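In: here is my input; please provide its structure:
(2 chains)
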There are 2 protein chains.
Amino acid sequence: MRSIAVIGYGVVGSGVVEVIYNNAEVIERKLGEKIEVKYILDLRDFPDSPYATKFIKDFNIILNDPEVSVVAEMITNAKVAYEYTKQALSAGKSVVTSSKAVVAQYGAELLALAREHNAAYLFEASVGGGIPIIRPMHQCLAANEIDEVEGILNGTTNYILTKMFREKLSFEDALGQAQANGYAELNPAADVEGLDTCRKICILASLAFGRHVYPDRVHTEGITSMSLQDMDNLNQADMTVKLLGRAYRKGDQLFAMVCPCAISHDHPLANVEDVFNAILVKGNATGDVMFYGKGAGKLPTASAVVADIIDVCKNGDRSKDISWKAVDVEFVSDYQLEKTAFYLRTEVTDRRKALNYAKKLFGNVRVFDGAENELCFITETALENQLAGKLEAFSQSAEVSAVKNKIRVL
Amino acid sequence: MRSIAVIGYGVVGSGVVEVIYNNAEVIERKLGEKIEVKYILDLRDFPDSPYATKFIKDFNIILNDPEVSVVAEMITNAKVAYEYTKQALSAGKSVVTSSKAVVAQYGAELLALAREHNAAYLFEASVGGGIPIIRPMHQCLAANEIDEVEGILNGTTNYILTKMFREKLSFEDALGQAQANGYAELNPAADVEGLDTCRKICILASLAFGRHVYPDRVHTEGITSMSLQDMDNLNQADMTVKLLGRAYRKGDQLFAMVCPCAISHDHPLANVEDVFNAILVKGNATGDVMFYGKGAGKLPTASAVVADIIDVCKNGDRSKDISWKAVDVEFVSDYQLEKTAFYLRTEVTDRRKALNYAKKLFGNVRVFDGAENELCFITETALENQLAGKLEAFSQSAEVSAVKNKIRVL
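Out: Now for the predicted structure:
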């Protein structure tokens, strides 16, 4: 029997305990022994829980118990999660986690600490919920140079975009439905402003390219400016909009970015709808490989955590395999030096004059029908910094009162 | 440095050598040491190969060389592959393979032999080419009871069905194009008659459910009866046709089958086109997870073989993890005891009379427009053995001259 501790008894934490006991039989078959949750650490009280006797409030009990070799960390507060993880690893206990904020910010450091103490630090559940992605990328594609990773990494925003596209709901109404269905937090900022996607693409990029990519180095835009008009226009051009996290190799440099992207309907990610996530990995030998499933949710995420627990129990400090370097030099390239095209929605005072000016600035633009006070168009492809300069000039012209949305066209 | 032997220098075998040397840098980074191909066994001569000095014809050289701990088996002839695999495992050498025929028929035996001799037997490349599926199913979904596996497992047939559906090519023309593009063998029987798909679903089902599922126990139908008329009719009903391998748990029994299936356009597998494969796995905690990519091809398949080589070099006899029982009792249930609906294309002498009889037999049928001498319809859902009995009666009636195609509607 293997004793573990669960720290943080929220949605995922309680799911982990549930999966361990509900699927005890298959777990024992895989592992060759039982897993027992010896402690559950949480500041709150759960007197009615069937596991009431396991609850503790003092982390030192776990640290000082030699029977506990694995800690499953599912603490919402990233600072506390980081501190507890450091203490557990330093005590030689392996840690498995679903906390993307911690891995994205401190992954290199915690992986090094784990290695130093012959412990493992695993985080399959931090990206894509129950979708296997960390281990397949690391092990199954081990013979590949990975050239690119991109994906729909946040279920909440994908649900909102799908509702807007399919059911013509406004952004606000779609967000409201997401909240009503439990897919979005009361404060949805981390989702709709792209931060959650940013953390996940940082983890995937660090793993794929071997150097830590920090979230604050990755230009991130959310979906709060999306309108039905945009959806409609792009649909006319045979495209849909998805919030993508993207990272690809450029010689010694790395391009990484999070933003809503207009993609053609035959793009492999175009049909990924609702709360589903999908991650596309390009290997130099294997070509395109895609992983698809529900990217969040209590049991999917918990089952990924438990798979990591089983791996640690079986293989000990195998996380020595996974590591990436914390490097000082700047290797994330300036996203403005990439080529792109913009879809733009602007408010204008004189549509004809504004259109003439747009053509002068952006070349052969594709214009969408619209109201007299609105001008929507797709620019030609150019370096982003050139487009940005032209957009600045355009926005300051007398005929243009506001730029309401900008979507990159892949 | 780790020395390995490659046996069988066909498409995949030569790809393995290519990946090992072309991606030597990333492999060394992952493994911590170099991989060297010490021997290549093949009956043919390759005097102009850059690896000419490595070729041998006597397998005993490999068996008797203690430096070689891993054998990569890519021999086309399954009987020879099986014999060499047994000899290598018995000598304590690990074997990695892409030979689905060998794994599907002898998996349980070879896994037990590997375990007995502290060696590994790995076969990531046997299903889905470069798509990671064996390891993710085994490791990442380890905390799940797997309820169902289904997939598009053969690229050749999917290419043919896509060409028929999208470009209105006849089956024969689509097959010709597949052959011209190198996607189909000159003798395409194993692909178009479903045997290749059958072997792959057997491997996935054995892995998912822990008991060896033998190919001859799985009812298998191919796509040779498909016509453009069928594609057209089903498209009108918002469906497309895919050759699916399916296996799911039914209490203590297992349902497994290979046949062309009519699926709705929003089915997750409906948009998997051309030579792409996709595998859908349902876990009791993680829900639906899908794996997608090119299911064949020299480098994708070779890179999966090399990932297994890296795993063996790193972790030795970890394949002890993977095993399934060879059981005598019959646990694959009779597919005729499942519920289904048939799409039928029949030749008739009197359309009106035939339709009346069809309604009498099959209840509320959905009828498609068509020529006077043809009747196409979808039956109500019923047990397959009941439908089969009714179809027998229908085919023998005076108004019906032939049943030309039967597709199960999911």
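In: does stretch A:277-292 reach chain B?
Out: Yes: residues of stretch A:277-292 are located near chain B by C-beta under 8 Å from any C-beta of the partner chain, namely A:283, A:284, A:285, A:286, A:287, A:288, A:289, A:290, A:291, A:292. For glycine as for every other residue, the C-beta is placed from the backbone atoms N, C-alpha and C.
In: in the sheet, who's paired with the closest residue to the fifth one other than its chain neighbours?
Out: Ranked by C-beta to C-beta, 6 or more residues apart in numbering or on different chains and with sequence neighbours excluded, the top spatial neighbour of residue A:287 is residue B:294, at 5.2 Å. As for beta bridges, residue B:294 partners with residue B:276 under DSSP bridges.
In: what number of residues lie near residue B:294?
Out: 21 (other C-beta atoms under 10 Å in any protein chain shown).
In: in terms of contact, does it touch residue A:283 like I think?
Out: No: Residue B:294 lies out of contact with residue A:283 (C-beta atoms under 8 Å); the separation is 10.7 Å.
In: what's the overlap in contacts for the two?
Out: residue B:130 (C-beta atoms under 8 Å, 6 or more residues apart in numbering or on different chains).
In: just the buried ones from the residues of stretch A:277-292 next to chain B?
Out: A:283, A:284, A:285, A:286, A:287, A:288, A:289, A:290, A:291, A:292 (16 or more other C-beta atoms under 10 Å in any protein chain shown).
In: neighbours of residue A:387, how many?
Out: 24.
In: what's the helix or strand for it?
Out: Taking DSSP states H and E as the criterion, the element that holds residue A:387 is helix A:384-395.
In: can you name the residues bridging to residue A:288?
Out: Residues in beta-bridge contact with residue A:288 (DSSP bridges): residue A:282.
In: contacting residues around it?
Out: Residue A:288 neighbours (C-beta under 8 Å, 6+ apart): A:268, A:280, A:281, A:282, B:293, B:294.
In: burial measure for residue A:252, as a count.
Out: Residue A:252, neighbours per other C-beta under 10 Å, totals 8.
In: backbone dihedrals for the closest residue in space to it that isn't next to it in sequence, please?
Out: Leaving aside its sequence neighbours, residue A:252 sits nearest to residue A:331 (C-beta to C-beta, 6+ apart; 6.6 Å). Dihedral pair for residue A:331: phi -120, psi 0, per degrees, to the nearest 10.
In: what's the answer for residue A:273, then?
Out: According to degrees, to the nearest 10, residue A:273 has phi -120, psi 170.
In: residue A:155 is in contact with that one, correct?
Out: No: using C-beta under 8 Å, residue A:273 is not in contact with residue A:155; the gap is 10.5 Å.
In: looking at those two, which is more packed in?
Out: residue A:155 (23 against 18).
In: return the residues in contact with that one.
Out: Residue A:155 sits next to A:129, A:183, A:274, A:275, A:276, A:277, A:294, A:295, A:296, A:297 when contact means C-beta under 8 Å, 6+ apart.
In: again, only using 6 Å
Out: A:275, A:277, A:295, A:296 (C-beta atoms under 6 Å, 6 or more residues apart in numbering or on different chains).
In: helices or strands next to the helix or strand hosting residue A:135 in the packing?
Out: Using DSSP H and E, residue A:135 sits in helix A:134-135. Judged by 3 or more C-beta pairs under 6 Å, 6 or more residues apart in numbering or on different chains; DSSP states H and E, helix A:134-135 is in contact with no other helix or strand.
In: right, and the helix or strand after it?
Out: Immediately after helix A:134-135, counting by DSSP H and E, sits strand A:146-152.
In: and the angle from the helix or strand just after that following strand to strand A:146-152?
Out: As assigned by DSSP H and E, the chain's next helix or strand after strand A:146-152 is helix A:155-167. Counting by axes from the mean of the first three to the mean of the last three C-alpha atoms, to 10 degrees, helix A:155-167 points 60 degrees away from the direction of strand A:146-152.
In: quick one: mean pLDDT for helix A:155-167?
Out: For helix A:155-167, the mean per-residue pLDDT is 96.
In: buried set for stretch A:376-387?
Out: For stretch A:376-387, by 16+ other C-beta under 10 Å, it's A:376, A:377, A:378, A:379, A:382, A:384, A:387.
In: my read: residue A:350 touches residue A:399, true?
Out: Yes: using C-beta atoms under 6 Å, residue A:350 makes contact with residue A:399 at a distance of 4.5 Å.
In: quick one: buried residues of stretch A:116-134?
Out: Buried residues in stretch A:116-134 (16+ other C-beta under 10 Å): A:117, A:119-134.
In: ok, back up a step: could you dump the contacts of residue A:288 to TSV with pLDDT and distance to residue B:242?
Out: TSV is the format used below for these (pLDDT from 0 to 100; distance: C-beta to C-beta, whole Å):
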residue	pLDDT	distance to residue B:242
A:268	88	17
A:280	97	21
A:281	97	24
A:282	96	25
B:293	93	16
B:294	88	16
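In: can you list the residue ranges for helices in the stretch 301-410 of chain A?
Out: A:351-362, A:384-395 (DSSP state H, counting those that start in this stretch).
In: list the buried residues for the first one?
Out: Within helix A:351-362, the residues that qualify as buried are A:351, A:354, A:355, A:357, A:358, A:361, A:362, counting by 16+ other C-beta under 10 Å.
In: residues in contact with that helix?
Out: A:348, A:365, A:372, A:375, A:377, A:379, A:380, A:390, A:394, A:397, A:399, A:400.
In: how does it look with 7 Å?
Out: For helix A:351-362, contacts defined as C-beta atoms under 7 Å, 6 or more residues apart in numbering or on different chains pick out A:348, A:365, A:367, A:372, A:375, A:377, A:379-380, A:390, A:393-394, A:397, A:399-400.
In: what does the last one give?
Out: Outside of helix A:384-395, the residues that reach it under the criterion C-beta under 7 Å, 6+ apart are A:335-338, A:340, A:342, A:357-358, A:361-362, A:379, A:400, A:403.
In: tell me which parts of the stretch 151-300 of chain A are close to chain B?
Out: A:271, A:283, A:285-294, A:299-300 (C-beta under 7 Å from any C-beta of the partner chain).
In: run the last query once more with 6 Å
Out: Contact residues (C-beta under 6 Å from any C-beta of the partner chain) of the stretch 151-300 of chain A with chain B: A:271, A:285, A:286, A:287, A:288, A:289, A:290, A:292, A:293, A:294, A:299, A:300.
In: list the contacts for residue A:131?
Out: Here residue A:131 is in contact with A:291, A:293, B:289 (C-beta under 6 Å, 6+ apart).
In: what's the helix or strand for residue A:62?
Out: Residue-wise, residue A:62 maps onto helix A:59-63 under DSSP H and E.
In: how far does the helix or strand following that helix sit from the chain's center?
Out: Once the chain leaves helix A:59-63, the next helix or strand it forms, by DSSP H and E, is strand A:68-73. Taking C-alpha atoms, centre = their mean, to the nearest Å, the mean C-alpha location of strand A:68-73 is offset from the chain mean by 24 Å.
In: what angle separates the helix holding residue A:387 from helix A:351-362?
Out: 160 degrees.
In: output helix A:384-395 as PDB - backbone C-alpha positions only.
Out: Backbone C-alpha positions of helix A:384-395 (Å, rounded to 0.1, in the frame of the first residue of the first chain) are rendered in PDB as follows:
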ATOM      1  CA  GLU A 384       3.200  43.000 -37.700                       C
ATOM      2  CA  ASN A 385       5.100  46.100 -36.700                       C
ATOM      3  CA  GLN A 386       4.500  47.600 -40.200                       C
ATOM      4  CA  LEU A 387       0.800  46.800 -39.900                       C
ATOM      5  CA  ALA A 388       0.700  48.300 -36.400                       C
ATOM      6  CA  GLY A 389       2.200  51.500 -37.700                       C
ATOM      7  CA  LYS A 390      -0.300  51.800 -40.500                       C
ATOM      8  CA  LEU A 391      -3.100  51.000 -38.100                       C
ATOM      9  CA  GLU A 392      -1.900  53.800 -35.800                       C
ATOM     10  CA  ALA A 393      -2.000  56.200 -38.800                       C
ATOM     11  CA  PHE A 394      -5.400  54.900 -39.800                       C
ATOM     12  CA  SER A 395      -6.900  55.300 -36.400                       C
END
